[in-house]
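In: predicted model and sequence follow; I will ask about them next.
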Protein chains: 2
Amino acid sequence: MTSNTVRPLIAKLENYGPLSAEERQVLDAAVSGVREIATGADMVSEGSSPDHSTLLLGGFAGRYNITREGARQITSLHVPGDFVDLHCYLMKPMDHSIVALTTCKVAMVPHDVLGVIFDTQPRLSRLFWLNTLIDGATHRRWSIGLGSLLAHQHLAHLICELYRRMEQIGRTEDGSFHMPLTQLLLSECLALSPVHTNRVVKMLRGEQVIRWERDLITITDWDRLADIGEFEATYLRIPPAEVAAP
Amino acid sequence: MTSNTVRPLIAKLENYGPLSAEERQVLDAAVSGVREIATGADMVSEGSSPDHSTLLLGGFAGRYNITREGARQITSLHVPGDFVDLHCYLMKPMDHSIVALTTCKVAMVPHDVLGVIFDTQPRLSRLFWLNTLIDGATHRRWSIGLGSLLAHQHLAHLICELYRRMEQIGRTEDGSFHMPLTQLLLSECLALSPVHTNRVVKMLRGEQVIRWERDLITITDWDRLADIGEFEATYLRIPPAEVAAP
DNA sequence: TGATGGGTTTAACGTAGGTCATCGTTCGCA
DNA sequence: TGCGAACGATGACCTACGTTAAACCCATCA
């Protein structure tokens, strides 16, 4: 039996193919040192060379860099089940930091354990590689959003992406999911000012494609939201949406 | 003895560590079907599911997507030695196309051969993985440029990046390299209008940090150019620049 | 030698999104 | 019950970059 610790990771990986009992156990044995990270604290710092990678078990995290002007650009968002810095197994030192955007629960996987897995578990190795490939594909989508979409389209795309990723780990319900990020944090993902972020949120609400109350986002018209954001899920390697308009 | 075909790939991979004679031969034996692609032609198309990956041996290529508005966003540039679609070994169908930005020479590596390499050559496998990780790190830098840098900074960053990557494969000389892209293509990388691209080129020329004649870019003041673009090479996994101001 | 066409440059004017400033709302907490 | 801090909303004005249009440069080729 595997413990519950790695369940979000297994849930995510199994979207790409079933895992054997042995593979689950290897994953379970790989993690150590579960701990909590407070909101706003870095879980990995630019310039450091960790000897382990970090698995996100609960909460939202984000990779970021800060420009000389002081702007913080969040280059990716992470949800439970994400291996936030798997890449640092081969790429040190870190060229960016990773911050806990909410209170986060994380576990560590030592790099020597990763090395053994890589040498003895070809299927898991491919899944880890695939993990970083999906990461890269997601970066490309963000580039398109940053460069070639209008602000409200970019936001629509991001909401679609987050919904599908939350769905992948079983954290959606009837078109809703918990989105604990403030508009300020969102603006750092979208590279917009907080004021304009607010304007485009208002715009999507006005278009009746989403509701957003407290930290709960409800997609009230998936098709139109996806159309606005030019969202197609293929890059996430999950089948097309089954979310219906109500 | 290995043939000359895979020399650019070997040159690139050896930046990250030496290859054994056996590994070189494995790479040499892996490639097949060298061919030329005409300027402007797609070498890989969105939606396709190739059974091989493509190695760029000569010329410049770019990954791109086209938005509904008709804008073409180039999300990455590729130089000889780059494995332009290594990721499609595990990620099919393609979620973007890859176009030859100049006349290109390419070779193919069948996915079943990649599978054998992955199962039998752990060091090469790690290098392939590293290859995609550097790809991802580069995407993140582009995101920062697209989102948080001013246009002239973004251009400065791109020129620095291209210089270091050309240097990696031995294609620079005294601060110069051949940059066969037109300002129009550049504008599709930077997500700027062609007009504004021209303005920022003019700006960098006026600042005396680059010269650009025909297809030859000469960096006349590396330190200032890198400073303008907030460029740090760590994400490329190559040591800091030895390029001196003249 | 002149025509054609891709690429570059420049000027005049338009707009998406930024900045600044203010105010309302919510919620934890004394 | 009231206070302070963080977040959200909104108006007035500003700017980096987009758009349109025209000229110019320089290869190639008839």
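Out: Right, received. Where do you want to start?
In: please see if the helix or strand of chain A with the lowest mean pLDDT touches chain B.
Out: Least confident helix or strand, chain A: helix A:7-13 with a mean of 90, by mean pLDDT, DSSP states H and E. No: using C-beta under 8 Å from any C-beta of the partner chain, we find that helix A:7-13 stays clear of chain B, coming within 13.0 Å at best. Where you see a C-beta, it was placed from the backbone N, CA and C, and this is true even at glycine.
In: packing partners of whichever helix or strand comes after that helix?
Out: Downstream of helix A:7-13, the next assigned helix or strand under DSSP states H and E is helix A:21-30. Helices and strands touching helix A:21-30, by 3 or more C-beta pairs under 8 Å, 6 or more residues apart in numbering or on different chains; DSSP states H and E, are helix A:7-13, helix A:111-120, helix A:122-148.
In: comparing the ones you listed, which yields the minimum mean pLDDT?
Out: Lowest mean pLDDT within the helices and strands packed on helix A:21-30: helix A:7-13, a mean of 90.
In: keeping just the C-alphas, turn that helix into CSV.
Out: The C-alpha trace of helix A:7-13 is given here as CSV (Å, rounded to 0.1, in the frame of the first residue of the first chain):
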residue,chain,number,x,y,z
ARG,A,7,-1.5,10.8,-4.1
PRO,A,8,-1.6,14.1,-6.0
LEU,A,9,1.4,13.1,-8.0
ILE,A,10,0.0,9.7,-8.8
ALA,A,11,-3.3,11.3,-9.8
LYS,A,12,-1.5,13.6,-12.2
LEU,A,13,0.8,11.0,-13.7
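In: any buried residues in it, and which?
Out: A:R7, A:P8, A:L9, A:I10, A:K12, A:L13 (16 or more other C-beta atoms under 10 Å in any protein chain shown).
In: so the second one sits against A:L57, correct?
Out: Right, the one you point to is A:P8. Yes: contact criterion C-beta atoms under 8 Å: A:P8 and A:L57 qualify, at 5.7 Å.
In: so, low pLDDT: which residues of chain A?
Out: Where chain A drops to pLDDT under 70, the residues are A:1-2, A:239-246.
In: grab the nearest non-local neighbour of the spatially most central residue of chain A.
Out: Chain A has A:H78 as the residue nearest its centroid, 2.6 Å off, counting by C-alpha atoms, centre = their mean. What sits nearest to A:H78 in space, not counting adjacent residues and going by C-beta to C-beta, 6 or more residues apart in numbering or on different chains, is A:A61, at 4.4 Å.
In: could you pull out the strands for chain A?
Out: In chain A, the strands defined using DSSP state E lie at A:32-37, A:42-44, A:52-58, A:61-66, A:72-78, A:97-100, A:104-110, A:176-178, A:210-213, A:216-219.
In: between these, which one is nearest to DNA strand C?
Out: Among the strands of chain A, strand A:210-213 comes nearest to DNA strand C, with 9.6 Å by C-beta to the nearest atom of the strand.
In: for A:S176, list each beta-bridge partner.
Out: Counting by DSSP bridges, A:S176 is bridged to A:E173, A:T218.
In: now it: how far from DNA strand D?
Out: Per C-beta to the nearest atom of the strand, to the nearest Å, A:S176 is found 16 Å from DNA strand D.
In: ok, that residue - contacts?
Out: Contact partners of A:S176, counting by C-beta atoms under 8 Å, 6 or more residues apart in numbering or on different chains, are A:L216, A:I217, A:T218, A:I219.
In: which one of those has the most neighbours?
Out: Sorting the contacts of A:S176 by how many neighbours each has (other C-beta atoms under 10 Å in any protein chain shown) puts A:I219 first, at 27 neighbours.
In: for it, which non-adjacent residue is closest in space?
Out: Of all residues not flanking A:I219 in the chain, A:G175 sits nearest, at 4.6 Å (C-beta to C-beta, 6+ apart).
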